[in-house]
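1. The following block contains a protein sequence and its predicted model.
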Amino acid sequence: MKVEIATCPCSWGVFWSDGSPSHTPANVFMDMAAASGYVGIELGPVGYLPTTKAELDREFGPRGLVARAGTACYEIDEMASFEDVRERATSLCSLLRDLDVHYLVMMDESKFGKSRKAKAEAPRSRILKNYNIIKDYVEFAKGYGVTVVYHPHDRSIVETEEEILDLMEVSGCMLCLDFGHHQLDNAKTADFGDRTAIDFFLKHHERIPFLHFKNTDAKALAARLADPEGEDEGCPFCPLSEGVIDFKELKRALEAVNFDGIGVVEQDMAHAKPEESFELSKKNREYLHEIGMI
């Protein structure tokens with residue numbers, strides 16, 4: 001088993017290209033990512049970090065950082081077809097090819113995905129339109145030597161196991177499995193050691209070359225189970241050592257299938273100060289080392 005551990009701007013509260021919501025400066029993120037022991041970087045929202053190979057080499061090289069994946073987040077349900085993002089996809093995939101990076105993490109931020117009721121009542125044609133956009137993106141990226149790993153996540157067009165399996169069948173995509181999101185959206189209990197996300201990985205690991213390490217807070221999960229459509233109070237995720245998922249058991253699962261891929265420690269830190277993100281990133285990496293994951 002081999003997991004290359006990486007981090008990303010999201011762990012410093014950077015969800016959008018302008019650095020919001022935390023507004024952590026890019027140079028601060030890069031300095032702190034390196035200082036907390038990470039080498040691999042998922043690039044995050046396009047435009048936050050430099051967007052040319054020359055600029056990234058200039059920034060990453062002295063810090064000992066290496067790009068390991070790109071990130072593409074779209075309001076997929078609002079798109080008519082892949083053509084709506086072809087230009088952006090060309091720019092991003094060209095950059096990844098120049099960097100010799102072979103993974104692109106794709107996810108959705110459509111308003112349609114915020115309600116399970118709305119999705120359940122939607123015509124099949126609407127669902128298939130969205131899945132076919134992802135399929136076209138997957139096929140397009142292959143031309144650049146890039147594998148799209150779709151990231152199902154909470155309150156999006158693809159979050160439940162039924163939706164994930166449907167997407168994989170229609171699009172043929174590979175997955176970026178975010179353990180925290182999968183647990184939040186699919187677990188039946190909020191008990192420590194609930195194996196929902198781990199068992200899904202074991203069943204479908206051949207389609208999952210890319211991981212996001214995140215843990216789910218037990219209290220937040222219990223609230224979600226009581227009211228699936230309710231609003232979360234604060235972030236539903238927590239340090240890797242403190243949530244519902246038993247990461248020691250996850251390590252055993254990765255060993256069982258001889259996993260060889262990338263694991264991004266992605267801690268949602270929307271409004272934390274950079275120093276807080278720095279300390280948690282160190283804590284998470286130290287915990288993974290402690291349990292023998294790295």
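-> On my side now, so go ahead.
2. check contacts around E276.
-> Taking C-beta atoms under 8 Å, 6 or more residues apart in numbering, we find E276 in contact with M269. Where C-beta positions appear, they are placed from N, C-alpha and C, glycine not excepted.
3. and it, that one's in a helix?
-> Yes - checked against DSSP: H, G, I helix; E, B strand; the rest coil, E276 lies within a helix.
4. Where do the helices of the stretch 1-150 of the chain begin and end?
-> Along the stretch 1-150 of the chain, the stretches classed as helices by DSSP state H, counting those that start in this stretch are 26-35, 53-60, 86-99, 116-121, 124-142.
5. For the second one, enumerate the helices and strands it packs against.
-> The contact analysis (3 or more C-beta pairs under 8 Å, 6 or more residues apart in numbering; DSSP states H and E) places helix 53-60 against helix 26-35, strand 66-74, helix 86-99.
6. Quick one: these as JSON lines, columns for mean neighbour count too.
-> Shown next, in JSON lines, are those (neighbours: other C-beta atoms under 10 Å):
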{"stretch": "helix 26-35", "mean neighbour count": "18"}
{"stretch": "strand 66-74", "mean neighbour count": "21"}
{"stretch": "helix 86-99", "mean neighbour count": "17"}
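7. Which one of these lies nearest to S277?
-> Nearest of these to S277, taken as C-beta to C-beta: helix 26-35 at 7.1 Å.
8. tilt between the closest one and helix 53-60?
-> 60 degrees (axes from the mean of the first three to the mean of the last three C-alpha atoms, to 10 degrees).
9. which other helices and strands contact helix 26-35?
-> Helix 26-35 packs on helix 53-60, helix 274-290, going by 3+ C-beta pairs under 8 Å, 6+ apart.
10. pLDDT averaged over it - what is it?
-> The average pLDDT within helix 26-35 is 98.
11. So what touches that helix?
-> With C-beta under 8 Å, 6+ apart as the criterion, helix 26-35 contacts 7, 9, 12, 14, 19, 41, 48-50, 59-60, 63-65, 274, 277-278, 281.
12. So the nearest residue to P152 once chain neighbours are set aside: helix, strand or coil?
-> Distance criterion C-beta to C-beta, 6 or more residues apart in numbering; nearest residue to P152, sequence neighbours excluded, is V158 at 4.4 Å. Secondary structure for V158, judged by three-state DSSP, is coil.
13. my read: V158 touches M168, true?
-> No - the pair V158 / M168 is not scored as a contact, 9.6 Å apart, by C-beta atoms under 8 Å.
14. more neighbours, these two?
-> V158 (28 against 18; other C-beta atoms under 10 Å).
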